[in-house]
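Enquirer: Next come a sequence and a model predicted from it.
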Protein chains: 2
Amino acid sequence: MGARELGLPERVPSVDGLPRRVTIWEVGPRDGLQNESAVVPVEVKAEFLDRLAGAGLTTLEATSFVHPKWVPQLADAEELLARLEQRPGVRYPVLVPNERGLDRALAAGVRHIAVFASATETFAKRNLNSTVDDQFAMFEPVVTRARAEGLDVRGYLSMCFGDPWEGAVPAEQVVRVGTRLLDLGCSQLSLGDTIGVATPGQVDRLVGAFSEAGVAVDALAVHFHDTYGQALANTFAALRHGVSTVDSSAGGLGGCPYAESATGNLATEDLVWLLDGLGIEHGADLDALVETSVWMAGKLGRPSPSRVVKALAG
Amino acid sequence: MGARELGLPERVPSVDGLPRRVTIWEVGPRDGLQNESAVVPVEVKAEFLDRLAGAGLTTLEATSFVHPKWVPQLADAEELLARLEQRPGVRYPVLVPNERGLDRALAAGVRHIAVFASATETFAKRNLNSTVDDQFAMFEPVVTRARAEGLDVRGYLSMCFGDPWEGAVPAEQVVRVGTRLLDLGCSQLSLGDTIGVATPGQVDRLVGAFSEAGVAVDALAVHFHDTYGQALANTFAALRHGVSTVDSSAGGLGGCPYAESATGNLATEDLVWLLDGLGIEHGADLDALVETSVWMAGKLGRPSPSRVVKALAG
């Protein structure tokens, strides 16, 4: 038996402000894979999603309907969804950048979509060729039509803490853009630390600023990258504010695939270890997740950067 | 310029309970190197220590006076200390297991020592061939003589959260053994999560239990391992209790050298990123630390597991 079976400390559900239950928003199949240079076969993606559902995850961001030229890795979105045997009780949201993407998603029978916005001017320009204000002209018809079709819409907000060109991002600016996404009809806002620079004080401040602006904490999710090792400390800070949806990626998929050492998304397994220790329900089976990530690492040909996967798979 | 220069968010010194300043207790040269199978040349160790001092660290655990048969890597303790040009304002504590070790340390002119104890019976048996109560028969004469010689003595307490053989370790048991070390004359107690299983709720509870037992928070340090990725979240929990001494290892040295993927001590660089973001003073220069860890990784022939080192050195 490993350390996990024998060394796991008593669960302590006593920290103030923690939610009783957390929804893990699994982004590995989309955010984790989208930067892979070698195209992952569609049957591997389908099995990945099915294994993750089998491990008890209930929200699996499956793919993206961005133009295949932008993200060739996810050009098989229709084929993947057609092949996927969706499990009852599991949501399979997809990323949708524009009306053309929405058309494709609707044709594929999708019920949950996500749009993505930038909190900063420079990233809006670079990622969307737009401005912070003008980007809404793109989302508005998407969100409006999706809502009219009865779809659930999530809003991603990038660069909520630091921006590689602009530096620190003022909380007021993030709140302004974020509330606009919610007002547009998004049911949830995922606050992204796209470059992984944030620390818990910034998380405290930003989540607090949304609360002060009258946004319910249930409307917020957090999306941390572990580039500087801060993702889990930031997650803990968000949990203490009552945030109960956390984005993560199985095995920590999502680092730059060209640099074996680079780290990307918070690993779902590391998050599960934290939640288990805090006595927060999440419904996932850690052993099955680790097994899935080890299997996927084999398919990608490099080890998972997740600390938990390394420790338990070793 | 990298993300650090341009993407670092504004520092937020506003989280409740945080200390204004933290002492980084650097354990890389001792705890980090002691498990290396290939002996690191003494001149490399001396340069490592000097570079760390040059990077602004003021407490460098230099080596150990355990019997060379136990830790062959540190058999050069006398030679290292003789070779080392100690800098003013920097402490160079050494580990001392018994009276013979104290004799050697005193002969080498050491002014700061640390003893190590186990919070659990099984680890006391395995690591010290003793029991939790009987181990004090070993420390007592060491601490008493060291104090009489005017030395400062730190107490390390292992397995404070989980134990691979016993599982969860009751906080009352840790407080009982820990206060006994303090009563013996240790000026500080370092609470070790030796197998890296703890989560922030356990840290909250244990530090709180010491406070309830009347132990001043300044008498406590924390020593986390990042085996399951929890070290920095746990550190943040401890900082929120006002703990102001944190153990860490430059570059995250200290994983099992036989498994390249295994992770060990909390990396000093990842800690510095956290402290910087929280606006907590520490006196270290992150660029110089990263440069030192990259240099050391070259000497050891494998990359640093620190997220920050990977991100900034890449």
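Expert: Arrived safely, thanks for sending.
Enquirer: Now do the helices in the stretch 1-150 of chain A.
Expert: Ranges of helices in the stretch 1-150 of chain A, per DSSP state H, counting those that start in this stretch, are A:3-7, A:42-54, A:77-83, A:99-107, A:121-128, A:135-148.
Enquirer: now the strands: where do they sit in the stretch 201-314 of chain A?
Expert: A:220-224, A:245-248 (DSSP state E, counting those that start in this stretch).
Enquirer: Can you give me the neighbour number for residue A:52?
Expert: 27 (other CB atoms under 10 Å in any protein chain shown). C-beta coordinates here come from the backbone N, C-alpha and C atoms, glycine included.
Enquirer: Who does the residue nearest to the spatial centre of chain A form a beta bridge with?
Expert: Taking CA atoms, centre = their mean, the centroid of chain A lies closest to residue A:247, which sits 3.6 Å from it. On the basis of DSSP bridges, residue A:247 is bridged to residue A:25, residue A:223.
Enquirer: thought it was touching residue A:267?
Expert: No: Residue A:247 lies out of contact with residue A:267 (CB atoms under 8 Å); the separation is 11.5 Å.
Enquirer: For stretch A:158-175, which residues meet the burial criterion?
Expert: Neighbour-count burial for stretch A:158-175, with 16 or more other CB atoms under 10 Å in any protein chain shown as criterion, is recorded at A:158-164, A:166, A:168-169, A:171, A:173-175.
Enquirer: what does stretch A:294-309 give?
Expert: Those would be A:294, A:296, A:297, A:300, A:303, A:304, A:305, A:306, A:307, A:308, A:309, for stretch A:294-309 by 16+ other CB under 10 Å.
Enquirer: for it, how far is the first residue from the last?
Expert: 7 Å (CA to CA, to the nearest Å).
Enquirer: List the ones among the buried residues of stretch A:294-309 that fall in helices.
Expert: A:294, A:296, A:297, A:300, A:307, A:308, A:309 (DSSP state H).
Enquirer: of the residues you listed, closest to residue A:149?
Expert: Nearest to residue A:149 among these is residue A:296, at 32.8 Å by CB to CB.
Enquirer: Relative to chain B, how far out is the closest one?
Expert: Distance, residue A:296 to chain B, using CB to the nearest CB, to the nearest Å: 16 Å.
Enquirer: ok, now which ones touch that residue?
Expert: A:28, A:48, A:250, A:251, A:253, A:304 (CB atoms under 8 Å, 6 or more residues apart in numbering or on different chains).
Enquirer: OK, contacts around residue A:221?
Expert: Residue A:221 neighbours (CB under 8 Å, 6+ apart): A:25, A:154, A:188, A:189, A:190, A:191, A:243, A:245, A:246, A:247.
Enquirer: burial of the closest residue to residue A:236 other than its chain neighbours, as a residue count?
Expert: Among residues not flanking residue A:236 along the chain, residue B:233 sits closest, at 4.5 Å (CB to CB, 6 or more residues apart in numbering or on different chains). When neighbours are counted by other CB under 10 Å, residue B:233 registers 29.
Enquirer: Then residue A:148?
Expert: Counted with other CB under 10 Å, residue A:148 comes out at 9.
Enquirer: Repeat that for the one 3 residues further on.
Expert: For residue A:151, the number of neighbouring residues by other CB under 10 Å comes to 21.
Enquirer: I'd assumed residue A:115 was in contact with it.
Expert: No: judged on CB under 8 Å, residue A:151 makes no contact with residue A:115 at a distance of 11.0 Å.
Enquirer: shared neighbours, these two?
Expert: Common neighbours of residue A:151 and residue A:115 (CB under 8 Å, 6+ apart) do not exist.
Enquirer: quick one: low-confidence ranges for chain A?
Expert: A:1-15, A:255-263, A:314 (pLDDT under 70).
Enquirer: Roughly how far does residue A:312 sit from residue B:72?
Expert: According to CB to CB, to the nearest Å, residue A:312 and residue B:72 sit 30 Å apart.
Enquirer: quick one: which of these two has more around it?
Expert: residue A:312 (23 against 13).
Enquirer: so what's the closest residue to that one other than its chain neighbours up against?
Expert: Excluding the flanking residues, the one nearest residue A:312 by CB to CB, 6+ apart is residue A:290, at 4.9 Å. Residue A:290 is in contact with A:269, A:308, A:309, A:312, A:313, counting by CB under 8 Å, 6+ apart.
Enquirer: now swap in residue A:287 and tell me
Expert: Here residue A:287 is in contact with residue A:312 (criterion: CB under 8 Å, 6+ apart).
Enquirer: what's the closest non-adjacent residue to the residue of the stretch 201-314 of chain A found nearest chain B?
Expert: Here the stretch 201-314 of chain A gets closest to chain B at one residue, residue A:277, 2.6 Å apart by CB to the nearest CB. Once flanking residues are discounted, residue A:277 sits nearest to residue B:199: 2.6 Å by CB to CB, 6+ apart.
Enquirer: Got the phi and psi for that neighbour?
Expert: Residue B:199 has phi and psi values of phi -130, psi 170 when expressed as degrees, to the nearest 10.
Enquirer: Distance check, it against residue A:171.
Expert: 28 Å.
Enquirer: and what of residue A:236?
Expert: For residue A:236, the distance to residue A:171 - CB to CB - is 19 Å.
Enquirer: repeat for residue A:75
Expert: Counting by CB to CB, the gap from residue A:75 to residue A:171 is 37 Å.
Enquirer: Around chain B, which positions in the stretch 201-314 of chain A sit nearby?
Expert: A:201-202, A:204-205, A:226-230, A:232-233, A:235-237, A:259, A:261-263, A:267, A:270, A:273-274, A:276-279, A:303, A:306-308, A:310-311, A:314 (CB under 8 Å from any CB of the partner chain).
Enquirer: out of the residues you listed, which are inside helices?
Expert: Short answer: those in helices (DSSP H) are A:201-202, A:204-205, A:232-233, A:235-237, A:270, A:273-274, A:276-278, A:307-308, A:310-311.
Enquirer: Neighbouring strands of the helix or strand in which residue A:191 is found in the sheet, and parallel or not?
Expert: For residue A:191, the enclosing helix or strand under DSSP states H and E is strand A:188-193. Using DSSP bridges, strand A:188-193 pairs in its sheet with strand A:152-158 (parallel), strand A:220-224 (parallel).
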